[in-house]
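Q: Build me a structure from this.
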Amino acid sequence: MARHQYNHQEPKAALFMKQVDLKIIILGSLGVGKTSLLHRYVHSKFYEDYRTTLGASVLSKIITVDNSAVKLQIWDTGGQERFRSVVSTFYKGSDGCVLAFDVTDRESFQALEGWRQDILDKTSSRDPGFPFVVLGNKIDLNDRQVSSSDASSWCEDRHLPYLEVSARDNINVDQAFHTVARHALIQCKEGAVSYMTDSIKLKPEKGGKKKKKKCCS
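A: Numbering: from 1, shown residues only. Modelled structure (predicted):
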């Protein structure tokens, strides 16, 4: 009998493995489709109209990534400029970030750098290797303003993975969230190894203070 291979589309496999919790935050300008992408991914549904997200809302999904059970806690944030200071309070503890723009709206693409810098500046690690994935949404529409080459070049310059997606037609949505989850899990495991290495010392640290554990322990 052939051995069954688990993959990220089989959440039941997560019941047999130690679960890792990851916080993923979605950032981008108003109207780029952040809520649509999240509901397509978590509920496999698409709705034409969503109310504007005020502050943040949270949905969860359990998946399997590289033989690890992962519970994604995905924070959908408001994209209006007047909510920027409120949204930034939700960055704390983030393990990865989805940066989304609308390929039919060039201003939303030009705003990506501001969102990227905002989360890097306001997260405690300020790690240049912080896990991102950039999504160009609404590729199902015809009035495109941002070319694939322009978006890819911007991401390549910053060493960020880029995917073109459609929440409406369910194009690359699962792959997008799996990509950021995988990068976040790798960072999480590296942080756990670093913590364990730093903890093995011949002499205790002054004051008896211990470093805070990362998400993987």
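
Q: Report whether Arg116 is found in a strand, as I expect.
A: No - per DSSP: H, G, I helix; E, B strand; the rest coil, Arg116 lies outside any strand segment and is helix.

Q: Count residues in the vicinity of Gly133, would you?
A: Wrong residue type there; residue 133 is Val, not Gly. 26 (other C-beta atoms under 10 Å). No exception for glycine: its C-beta is placed from N, CA and C like everyone else's.

Q: What sits closest to it if chain neighbours are left out?
A: Once flanking residues are discounted, Val133 sits nearest to Val180: 4.1 Å by C-beta to C-beta, 6 or more residues apart in numbering.

Q: Strands of the chain, residue ranges please.
A: Shown for the chain, the strands assigned by DSSP state E span residues 19-27, 56-65, 68-77, 96-102, 132-137, 162-164.

Q: Can you check which of the ones you listed gets nearest to Arg40?
A: strand 132-137 (10.1 Å; C-beta to C-beta).

Q: Least confident secondary structure element in this protein?
A: The helix or strand of the chain with the poorest confidence is helix 84-87; it has a mean of 62 (mean pLDDT, DSSP states H and E).

Q: Quick check: the residue nearest to Val133 vs Val70, distance?
A: In this structure, Val180 and Val70 are 11 Å apart, going by C-beta to C-beta, to the nearest Å.

Q: And for Leu163?
A: In terms of C-beta to C-beta, Leu163 sits 19 Å off from Val70.

Q: So between these two, which is more surrounded?
A: Val70 (25 against 21).

Q: tell me the contacts of that one?
A: Ala14, Gln19, Val20, Asp21, Leu22, Ile62, Ile63, Thr64, Ala181, Leu185 (C-beta atoms under 8 Å, 6 or more residues apart in numbering).

Q: What pLDDT is listed against it?
A: The per-residue pLDDT reported for Val70 equals 95.

Q: mind starting the numbering at 18 from now?
A: Taking 18 as the first residue, the last one we looked at is Val87.

Q: what bridges to it?
A: Beta bridges link Val87 to Val37, Ile80, judged by DSSP bridges.

Q: Distance of it relative to Asp122?
A: Val87 is 32 Å from Asp122, where distance means C-beta to C-beta.

Q: what do you get for Lys62?
A: Distance, Lys62 to Asp122, by C-beta to C-beta: 23 Å.

Q: who has more neighbours, these two?
A: Asp122 (20 against 11).

Q: right, and that one touches Gly45 too?
A: No - if you go by C-beta atoms under 8 Å, Asp122 and Gly45 don't touch, sitting 10.2 Å apart.

Q: So which of the contacts of Val87 is the closest to Trp92?
A: Among those, Leu39 lies closest to Trp92 (C-beta to C-beta), at 11.2 Å.

Q: so what's the closest residue to the closest one other than its chain neighbours up against?
A: Nearest residue to Leu39, sequence neighbours excluded (C-beta to C-beta, 6+ apart): Asp112, at 4.4 Å. By C-beta under 8 Å, 6+ apart, the residues touching Asp112 are Leu39, Lys40, Ile41, Pro148, Ala201, Gln204, Cys205, Cys232.
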